[in-house]
Structures are given as C-alpha cells and as structure tokens.
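Colleague: Sequence plus predicted model, see below.
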Amino acid sequence: MLDLKSMTPEELSDALSGMGEPTFRGKQLFQWLQRGAKSLDEMSNLPKTLRDKLRDNAAFSPPVVARKQVSQLDGTVKYLWELSDGNCVESVLMRYHHGNTVCVSSQVGCRMGCAFCASTIAGKVRDLTPGEILDQVLFTSLDAGAAVSNVVLMGIGEPLDNLDAVLKFLELVNRPDGLNIGMRHISLSTCGLIPGIRRLADLRLQLTLSVSLHAPDNETRTRLMPVNRLYDVEALFKACHDYFNRTGRRISFEYALIDGVNDHDWQAERMAERLRGMPAHVNLIPLNRVTERNLRPSRRMGEFQALLERLGVTATVRRSLGGDIDASCGQLRRRAMQELTQNGGDTE
C-alpha cells in the first residue's frame, strides 16, 4: 500500500503514472494532502476513477484528536492523537511572541529509558512514518487555527532512533509547495545517539541540534540515561565538537536540574570544561514531576545558572509552559493508557 502522506509530489507523480494516470495528478494530490484533507472524497479535482484506485492501493488515515488539554495559564495546547492502528502520540502547540511552535513525536513510546521521562515507561511500540510526524504539525495547526512557524522534534521518542523517517519528514515539512517551514526554524533533540549525530553532520542541515545532556559525568548520566552505557560522556562531547567543526552550527544542550542529583557546583564546572572551544547554549529546564519517578526539581536553578555564566557558558532557564496540564513529555499518553487499564481496556 502506498503511504501517500510520506511521499513527495515527484514520488506521487511516479506512483500515479504507474496506475496509468497523468503525472500532474501527483502535484494535485500533494496539495490536497498538505491542506489537511481528511478523505479522498474531498479531493474534488481528482477524477472519481483515480480516487477509487487510491482507495484500493493507498493508505490515507489522518489522525484523530483522542484528547486535548488547553492551559488556562498561557494558551499551550497539548494533543493526544490517535493513529490509524489505535496507537496514540502527543504533540504540543506552544505560543510565543515570535510565533507558534509545535513539538512533535517521532515514535510511539521510547526505548531509551531516561529516568526523568514519562515517554519511556512502557517502552517503544513502533516508529512513526514521515507522514505521521508531518500530520502532527498540520492537524495541530488546523485544529488550533494557528499558523506554525517553528517545529521541535522533542516529543515522544528518540528522533535519531527513527532517523530515515525523520529525514523524510524534514524534507516534506521544508518544501516550499508544502508547509514551507525552514530548517533554521526546526530543532531536533537527541539523547546522544552518536551515529545519528555524525550522519546529521555529514548532511550539514541548517536545523538546530539539541542534545539532552542532563549530566556532564558518566556516573550521574548513566544513572539518569541508560544510553550513556553505549555512548559515554567523553564520546558524546567529542561527537558534538566534531559536529560543530563540520557544520558551524551552535548546539543547544538540554539540562533538567534535579535536586541533589545533577545540580552541584562541580557538575557546572565539569560541563563548562567539556564545552570549552565550542559555541554552545545550555538550556536549563525546571523538572516536571512524573508520578512514577522519585525525582524532584532542583532548588538551585538560579545559582547553577549564575555559575555557568561566570564560567563563560551561555545558560538560560527554559520558560515553563502548560504548568496546569500534563506538561511533561509522555504524561498525557501515559494517563490515557492507565485509564484504559483501569477500565479493563486494551493498551498499546
């Protein structure tokens, strides 16, 4: 079956040509898909004979809003999207003075096992297709009635664990005849899969690479992030320095401050030492409480930031959005799964 939403106009034209249709139909079909058409019957300038062929040979199932939460504090909107197979993923619309940002998921669940994250509690179910990632941007925008100017791949899943699909998504979302969101307006977050970082460096994309660091030493980082057993801190920082030298792009380092775990002065000093020689931005994150995790937000946010600044590291505290809804990544999906279990239903 053809995955229509994951295809470029050129790929659609080739596929339709193989069905005996003129190639210009590919562009028409692509335009309908990019407008958020929810059924083939909406595509009024496509012949009924073509629509019938597509029903028999193509997959086309837009996501459905399973749940929606709107923050009364700042207008942040969190969506739980139900996919064609019944699995669910999250996306978040965040409103800033410079425009609207959508945070999207790249997998159903996650296998990385980070100690502070709700996304990984039930493990990874499957990868998303490029079209399923794209649909989160498109249908979030349509449902909210808000144009999207920025995309962050920081939702459920590890983008570099589904890199081929993510790269195809980036190609689709970047197209001038599609959503036309420029690469400089896209951020990709990784827990530190070094082969993926090196592949991105070779491609020299103009996106912003964001590395989930959360500790500058192996002992603490391994405790928080099992991936550190495979790619330790030394290897990760070397890959980041190589990435900057190859692309010239500054890297953002995500650092969720956890009380008594990664908020010591010596850890700020160690991080500054490892970042020396590489323009970098440290994004300090107030920890969102996850019920299943026994971790608490740090009480040293201001002190830690000030110390990094004195050591020559640019550090800011991420603005906390959606504080009155399930703000942490994976929380809304996790709650829905728990309710299904309590009600005797099936989970993913």
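Modeller: Cool, got the structure.
Colleague: Wait, a strand at V152?
Modeller: Yes. Under DSSP: H, G, I helix; E, B strand; the rest coil, V152 falls within a strand.
Colleague: and it, bridged to which residues?
Modeller: C103, S187 (DSSP bridges).
Colleague: what's the pLDDT at it?
Modeller: As predicted, V152 sits at a pLDDT of 98.
Colleague: Kindly report the same for the one 10 residues further on.
Modeller: As predicted, N162 sits at a pLDDT of 98.
Colleague: ok, the spatially closest residue to it that is not a sequence neighbour to S6 distance?
Modeller: Computed as CB to CB, 6 or more residues apart in numbering, the closest residue to N162 that is not its neighbour in sequence is D127, at 4.3 Å. Just so you know, the C-beta spots here come from the backbone N, C-alpha and C atoms, and that holds for glycine as well. Using CB to CB, to the nearest Å, we find D127 at a distance of 12 Å from S6.
Colleague: neighbour count winner among those two?
Modeller: Ranked by neighbour count (other CB atoms under 10 Å), D127 and S6 place S6 first, with 20 against 17.
Colleague: show me where pLDDT drops low in this protein?
Modeller: Along the chain, segments meeting pLDDT under 70 span 289-293, 320-348.
Colleague: where do the helices sit along it?
Modeller: Ranges of helices within the chain are 9-18, 24-35, 48-57, 130-144, 163-174, 194-203, 218-224, 233-247, 265-275, 301-310, 331-342, based on DSSP state H.
Colleague: got a list of contacts for stretch 274-285?
Modeller: With contacts defined as CB atoms under 8 Å, 6 or more residues apart in numbering, stretch 274-285 is touched by 210, 213, 216, 233, 237, 240-241, 244, 250-257, 271, 301, 304-305, 308, 312-318.
Colleague: which of these are buried?
Modeller: Among these, those buried by neighbour count (16 or more other CB atoms under 10 Å) are 210, 213, 216, 233, 237, 240-241, 244, 251-257, 271, 301, 304-305, 308, 313, 315.
Colleague: M7: neighbour count?
Modeller: When neighbours are counted by other CB under 10 Å, M7 registers 22.
Colleague: correction: D14
Modeller: For D14, the count of nearby residues is 13 (other CB under 10 Å).
Colleague: thinking again about what came up before, overlap in contacts, D127 and S6.
Modeller: Counting by CB under 8 Å, 6+ apart, the residues touching both D127 and S6 are A165.
Colleague: for the residue nearest to N162, what are its contacts?
Modeller: Residues counted as contacts of D127 (CB under 8 Å, 6+ apart) are 106-108, 157, 161-162, 165.
Colleague: Could you rerun that using 6 Å?
Modeller: By CB atoms under 6 Å, 6 or more residues apart in numbering, the contact set of D127 is 107, 162, 165.
Colleague: distance of the residue nearest to E269 when sequence neighbours are not counted from F244?
Modeller: Closest residue to E269 apart from its sequence neighbours, by CB to CB, 6+ apart: L311 at 6.6 Å. Counting by CB to CB, the gap from L311 to F244 is 19 Å.
Colleague: Same check on C88?
Modeller: Taking CB to CB as the measure, C88 falls 37 Å from F244.
Colleague: how about the nearest residue to M19, chain neighbours excluded?
Modeller: Nearest residue to M19 in three dimensions, chain neighbours excluded: K53, at 5.4 Å (CB to CB, 6+ apart).
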